[in-house]
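> sequence and predicted model, in that order:
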Amino acid sequence: TCTIKAACPDKMWQGIKVIGETLTHIDPPLPPLPNDPTDERTRAIGGLGKVICQDGTTIEDAIKAIESIRSGKIIANGSHFNNNQYDLYYNSYVFAQGSATAPTITNCTFTTTRQLNDNRIHPTAHISMKGTSGMFIRGCTFENTLPFPSTIHGATNTGYNRGMGIEANTSHIDVSSSCSFKKLFHGVHASGFKSKAVVVENSSFTGNHRAIYINNNDGCKVLNNNIVSRGEPGEQYEIMSAAREDREVDYSVFIGSCHTFTFEQNTISNATTGLYVYNSGSLGNRVRYNTFEGRPDERTFQLGLPI
């Protein structure tokens, strides 16, 4: 158990970098950039870097608390990440689902409790992934305890400054086992497809600006979650533009451009719109066994055009 944080109260430190593959052969023989996650040339693996955080380890006040480069392995169990811009940051992290080396983040807390040490920086995402596959997140808590600003929408859109729980860009994530997302800008924000569809299940979302946003991820599954919205009045647009979907409709869950998705056994309360489906076709999608409750004027389900 250890605590790592900035030495100065008005400074952020860079965090820990864990580098996975040690390149011993490149074909063609051109030197790669040292931190280039997009380098896909043939390589031989000389070793895998690994960081283990467990039993109450705490990391605070970092730009990126731990950054994975070239599949550097992060094992986090029962650890705490506080007041960082990013807590776990993955560049092109690839492991086969179900393999012995597949990473699992379990029983960790990711929190923002105050303004970050550098007041020019706001929390971006507790877990951020780019081109990542085989990521399992179990029993974790993501929370911003600061009060919401009085104005979320508008030119500055200050809700962004609350950060996201999980930001997955062209990545496969599996979120389950009573994960909790509280008072964030987005709880889970996933866009793009990588190897397998996104799964979000058996988790709770309370008081977030938006609970779940999934775009361009065919076959995604949102199952058995409990979602309590902030109950913002929002702006009621029946058809929203792709560039402004976060501002034009007050919804708890957004599913866009996702064919054959499944949305089942979820409970959503206190939202103007529980589920907003956009441009996802009419075949193979399943929306059933859900409960929408809490406000008499609530719209349980909306379709954005075109579908």
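Now that the structure is in, tell me what you want to look at.
> for residue 251, give the beta-bridge partners.
Using DSSP bridges, the beta-bridge partners of residue 251 come out as residue 273.
> the helix or strand that contains residue 222: what's the following helix or strand?
For residue 222, the host element (DSSP states H and E) is strand 221-223. Sequence order places strand 226-228 as the next helix or strand after strand 221-223, per DSSP H and E.
> can you map out the helices along the stretch 101-250 of the chain?
According to DSSP state H, counting those that start in this stretch, the stretch 101-250 of the chain carries its helices in the segments 245-248.
> sorry, back to before: what packs against the strand holding residue 222?
The helices and strands touching strand 221-223, judged by 3 or more C-beta pairs under 8 Å, 6 or more residues apart in numbering; DSSP states H and E, are strand 199-201, strand 262-264. For every residue, glycine as well, the C-beta is placed using N, CA and C.
> switch the cut-off to 10 Å
Helices and strands in packing contact with strand 221-223 are listed as strand 173-176, strand 199-201, strand 210-215, strand 262-264; criterion 3 or more C-beta pairs under 10 Å, 6 or more residues apart in numbering; DSSP states H and E.
> rebuild those strands as CSV, extending it with distance to residue 284.
Formatted as CSV, the helices and strands packed on strand 221-223 follow (distance: least, C-beta to C-beta, whole Å):
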stretch, distance to residue 284
strand 173-176, 21
strand 199-201, 17
strand 210-215, 16
strand 262-264, 9
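> need the winner for burial among those.
Highest mean neighbour count among the helices and strands packed on strand 221-223 (mean count of other C-beta atoms under 10 Å): strand 210-215, with a mean of 26.
> about what we covered before: any chance you could list what contacts the strand holding residue 222?
Residues from elsewhere that reach strand 221-223, judged by C-beta atoms under 10 Å, 6 or more residues apart in numbering: 174-176, 188, 197-203, 211-212, 214, 253, 255, 258, 260-266, 275, 286-287, 289-290.
> 8 Å - rerun?
With contact meaning C-beta atoms under 8 Å, 6 or more residues apart in numbering, strand 221-223 is reached by 197-202, 212, 214, 253, 255, 261-266.
> what residue lies at the spatial centre of the chain?
For the chain, the residue sitting closest to the mean C-alpha position, by C-alpha atoms, centre = their mean, is residue 166 at 1.4 Å.
> my read is that it contacts residue 184, right?
No - counting by C-beta atoms under 8 Å, residue 166 does not reach residue 184; the two are 9.6 Å apart.
> list residues touching both of these two?
Jointly contacting residue 166 and residue 184 under the rule C-beta under 8 Å, 6+ apart are residue 142.
> for this protein, name the helix or strand with the lowest mean pLDDT.
Each helix and strand of the chain was given a mean pLDDT (mean pLDDT, DSSP states H and E); the minimum falls on strand 42-45 at a mean of 44.
> what mean pLDDT does the following helix or strand past that one get?
Scanning forward in sequence from strand 42-45, with DSSP H and E defining helices and strands, the next element found is strand 50-54. Averaging pLDDT along strand 50-54 yields 91.
> what do you get for stretch 64-80?
Stretch 64-80 shows an average pLDDT of 92 in the prediction.
> begin at 813 from now on, thanks
Understood, numbering begins at 813; the last thing we discussed is stretch 876-892.
> could I get the buried residue list for that stretch?
By 16 or more other C-beta atoms under 10 Å, the buried positions in stretch 876-892 come out as 876-886, 888-889, 891-892.
> just stretch 928-935 next, same as before
Result for stretch 928-935 [16+ other C-beta under 10 Å]: buried residues 928, 929, 934, 935.
> nearest spatial neighbour of the third one, skipping sequence neighbours?
Put plainly, it is residue 934. Taking C-beta to C-beta, 6 or more residues apart in numbering, and ignoring the residues beside it in sequence, residue 934 has residue 973 as its nearest neighbour in space, at 4.0 Å.
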